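> what follows is a protein structure lacking sequence information:
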């Protein structure tokens, strides 16, 4: 929570920081100094909507753990989340519990804009995979020229618990290549994330919806 803890946002988004991180990457050899990531999965729902006037909504909601806090609003039936379980008790921890403080979370609906207009409301669910998934999705579309559905369908990898988790769709030769470079590769029991998006083409006047087959969702237009 930036109202309670200093977060060097400008530094994290700076070109110099990106250059330093990029310099640590060796395509021929796995990194051995990465910290162990203890990440949780969560029960998240994401919806992207664009109306006929091109008003765009990128909406995400999560109970976090199964059934969230276990508390249900008596008049609405809404299950309350338990993101507060992410707080820590250590006095020097940036996510230390405190009154009026927001716990760390990965609720992050995305919106691509250009020239002051919405281009694509999008989101990728999946707990700690979300920020990685957002970058993967955008890279597939912007750098590799995939259409929206291709970008969501493409097989995924994710670093978790000292291993590279490669989905079953990753080619065997690619997995072999990762192992030759020193990566510990495992096959996850569940797919990584699940996303939705709507791409707005202002020039053609079209909308293109896409839904990730990894979760229960669909693309609809009416």
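Okay, I see it. Just so it is clear, the model here is predicted, and its values are computed rather than measured. Residues are numbered from 1 along each chain as shown.

> where do the strands sit along this structure?
Ranges of strands within the chain are 43-50, 56-64, 110-114, 117-125, 157-160, 163-166, 185-186, 194-201, 206-211, based on DSSP state E.

> now those strands in a markdown table, with distance to residue 3 and mean pLDDT?
From N, CA and C alone the C-beta is placed, and that goes for glycine too. Putting the strands of the chain into a markdown table (distance: least, Cβ to Cβ, whole Å; pLDDT from 0 to 100) gives the following:
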| stretch | distance to residue 3 | mean pLDDT |
| --- | --- | --- |
| strand 43-50 | 24 | 90 |
| strand 56-64 | 21 | 91 |
| strand 110-114 | 23 | 96 |
| strand 117-125 | 25 | 96 |
| strand 157-160 | 30 | 90 |
| strand 163-166 | 35 | 92 |
| strand 185-186 | 39 | 94 |
| strand 194-201 | 30 | 96 |
| strand 206-211 | 36 | 97 |
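
> export those to TSV and append columns for mean neighbour count and distance to residue 101.
Output for those, formatted as TSV (neighbours: other Cβ atoms under 10 Å; distance: least, Cβ to Cβ, whole Å):
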stretch	mean neighbour count	distance to residue 101
strand 43-50	20	22
strand 56-64	18	17
strand 110-114	15	25
strand 117-125	23	25
strand 157-160	19	27
strand 163-166	18	32
strand 185-186	16	36
strand 194-201	22	29
strand 206-211	17	35
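
> how about the ones you listed in JSON lines, adding distance to residue 146?
Shown next, in JSON lines, are the strands of the chain (distance: least, Cβ to Cβ, whole Å):
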{"stretch": "strand 43-50", "distance to residue 146": "17"}
{"stretch": "strand 56-64", "distance to residue 146": "20"}
{"stretch": "strand 110-114", "distance to residue 146": "14"}
{"stretch": "strand 117-125", "distance to residue 146": "13"}
{"stretch": "strand 157-160", "distance to residue 146": "16"}
{"stretch": "strand 163-166", "distance to residue 146": "19"}
{"stretch": "strand 185-186", "distance to residue 146": "24"}
{"stretch": "strand 194-201", "distance to residue 146": "11"}
{"stretch": "strand 206-211", "distance to residue 146": "10"}
